[in-house]
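Asks: Sharing a sequence plus its predicted fold:
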Amino acid sequence: MSQPLAPSRARPSGSTVRKPQPATRAATERGLAREAAEAARSHGRVAERELTEACSAWRVENPLNAGDAPAIDGYAWVRKEYEAVEGHELRRYRAQAERAEVEMRRLMTEDLLTRLADRFERVHARLAALNERLSARSFTGQTYAFEAAVDRRHAAVHALATETARSPEAAQALLAGETEGPMAAALEEITALIAGQEDAARLADYRNYFVYEIGMKDAAGNRTTMSARALRGSGGEAQAPFYVAIAASLASAYYPGDRPGDENPGLGLCLLDEAFSKLDVRNSQALVDLYRAWGLQLLIAAPEDKRTTLTEVMDTIVTVYKSPDLTSVRIEAEHPLEAARRALHAINPEQVGIEGFRRSDAAE
């Protein structure tokens, strides 16, 4: 008889049972330990660096004393400080402080916008005063007027400032954030300015909100501008607007907000080299009269061929002579009297004109 076979236990297909070797397991654990230690050191260095930066920023002594003390001392110090701040009585007023900050920013924004609007009004008032005096004078056959158009880059902020200054109700609605579109963007720009952002600093200067120009009209009403004239005008036509602009700038600097005169005296000194070199007699003298009317005292260096023209309008003529060998200099000063000025004016061909000479010849 055949003997019965003992049943065998089936091994799961594809499985392999191995016992880890002691050496391999120890190496793995050592590797994991090294990684953990390195991670701890890395976190420790980051923590020490952040602690050093915080102590420097807040100007307090570093508890680690430049790395001499153990890191646990730094942790204990941070924990103590954290608990002190967390339990400070001022934390109870945090909500009040946040509301106060919001209100302060709103007041600062409103004040800034109101000040800007006031400056805008002063710009227009100043230009109106200058144009009032310019309207009675003609240069190169044209009357001049200063113009200031709102720069489109800052038009939204300009409109926001103007609207805020218009009424308290409008200011409350705008500053409460009840707006959108360009006005909302303008309010964000003003907020950035108050926050001290450098790219918003340009908004603090009211002059940056305008594009300035000098408009010119002839007797027929044809209009041109200083910018266009500088590109295609003749020498005198291109030069005259610059002298008018210089006069206005200096008058505004010497007498800000006021008209020069007996009540607002000042030196008003203006130094010009080779002045009016491309202008004829009438326009040169008209400019000198303009400078005088705006309280400016002219000190001009001019060539000899301008002597006659300037003698008619200047109070003092100083002539500098050099010797032929350039070893010495002689200076002479003249003070033309009013009678001499009138006599020069009467015989100056530029003043008399062709028709004047014709009448004089006919009379003789």
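Replies: On my side now, so go ahead.
Asks: C-alpha from now on. contacts and neighbour counts both.
Replies: OK.
Asks: So which residues of the protein form strands?
Replies: For the chain, strands defined by DSSP state E occupy the ranges 142-150, 210-218, 223-225, 269-273, 297-301, 317-322, 329-334.
Asks: Spell out the residue ranges of the helices in the protein.
Replies: 22-58, 71-86, 94-134, 155-166, 168-175, 182-194, 226-232, 235-254, 281-293, 307-311, 338-347, 349-363 (DSSP state H).
Asks: Tell me which of the ones you listed lies nearest to Ala145.
Replies: helix 94-134 (5.3 Å; C-alpha to C-alpha).
Asks: where does this structure dip in pLDDT?
Replies: The model of the chain has pLDDT under 70 over residues 1-22, 66-68, 170-171, 173-181, 198-200, 230-237, 257-264, 350-357, 360-364.
Asks: Go ahead and flag the most central residue of it.
Replies: For the chain, the residue nearest the mean C-alpha position is Arg202 (4.0 Å; C-alpha atoms, centre = their mean).
Asks: just checking, that residue touches Ile194?
Replies: No. Arg202 lies out of contact with Ile194 (C-alpha atoms under 8 Å); the separation is 11.8 Å.
Asks: Count the neighbours of Gly215 for me.
Replies: 19 (other C-alpha atoms under 10 Å).
Asks: ok, now which ones touch the closest residue to it other than its chain neighbours?
Replies: What sits nearest to Gly215 in space, not counting adjacent residues and going by C-alpha to C-alpha, 6 or more residues apart in numbering, is Thr225, at 4.5 Å. Residues counted as contacts of Thr225 (C-alpha atoms under 8 Å, 6 or more residues apart in numbering) are Glu213, Ile214, Gly215, Met216.
Asks: what does the domain assignment say about this protein?
Replies: 42-78, 109-232, 242-364 (automatic domain parsing).
Asks: wait, which of the ones you listed is closest to Glu35?
Replies: That would be domain 42-78 among those, by C-alpha to C-alpha, at 10.4 Å.
Asks: Quote the end-to-end distance of the closest one.
Replies: One end of domain 42-78 to the other measures 19 Å (C-alpha to C-alpha, to the nearest Å).
Asks: Kindly report the same for stretch 129-143.
Replies: Span of stretch 129-143 from end to end, C-alpha to C-alpha: 15 Å.
Asks: just stretch 83-97 next, same as before
Replies: 21 Å.
Asks: Stretch 270-283 too?
Replies: End-to-end distance (C-alpha to C-alpha), stretch 270-283: 18 Å.
Asks: In it, which residues are buried?
Replies: Ala275, Phe276, Lys278, Leu279, Val281, Asn283 (16 or more other C-alpha atoms under 10 Å).
Asks: residues in contact with stretch 35-52?
Replies: Residues contacting stretch 35-52 (C-alpha under 8 Å, 6+ apart): Asn62, Ala71, Gly74.
Asks: how close does the first one get to Arg45?
Replies: In this structure, Asn62 and Arg45 are 15 Å apart, going by C-alpha to C-alpha.
Asks: Pick out whichever of those two has more residues nearby.
Replies: Per other C-alpha under 10 Å, whichever of Asn62 and Arg45 has more neighbours is Asn62, with 18 against 13.
Asks: quick revisit: need the domains of the chain in CSV with distance to Thr24, can you?
Replies: Output for the domains of the chain, formatted as CSV (distance: least, C-alpha to C-alpha, whole Å):
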stretch, distance to Thr24
domain 42-78, 27
domain 109-232, 60
domain 242-364, 88
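Asks: hang on, the earlier thing: what's the closest of the contacts of Thr225 to Arg359?
Replies: The closest of the contacts of Thr225, once distances to Arg359 are taken by C-alpha to C-alpha, is Met216, at 32.8 Å.
Asks: what's the neighbour count on the closest one?
Replies: 22.
Asks: Next, the contact list for it, please.
Replies: Gln142, Thr143, Tyr144, Ala145, Arg223, Thr224, Thr225, Met226.
Asks: gap between Cys55 and Val85?
Replies: Applying C-alpha to C-alpha to Cys55 and Val85 gives a distance of 15 Å.
Asks: Lovely, talk soon.
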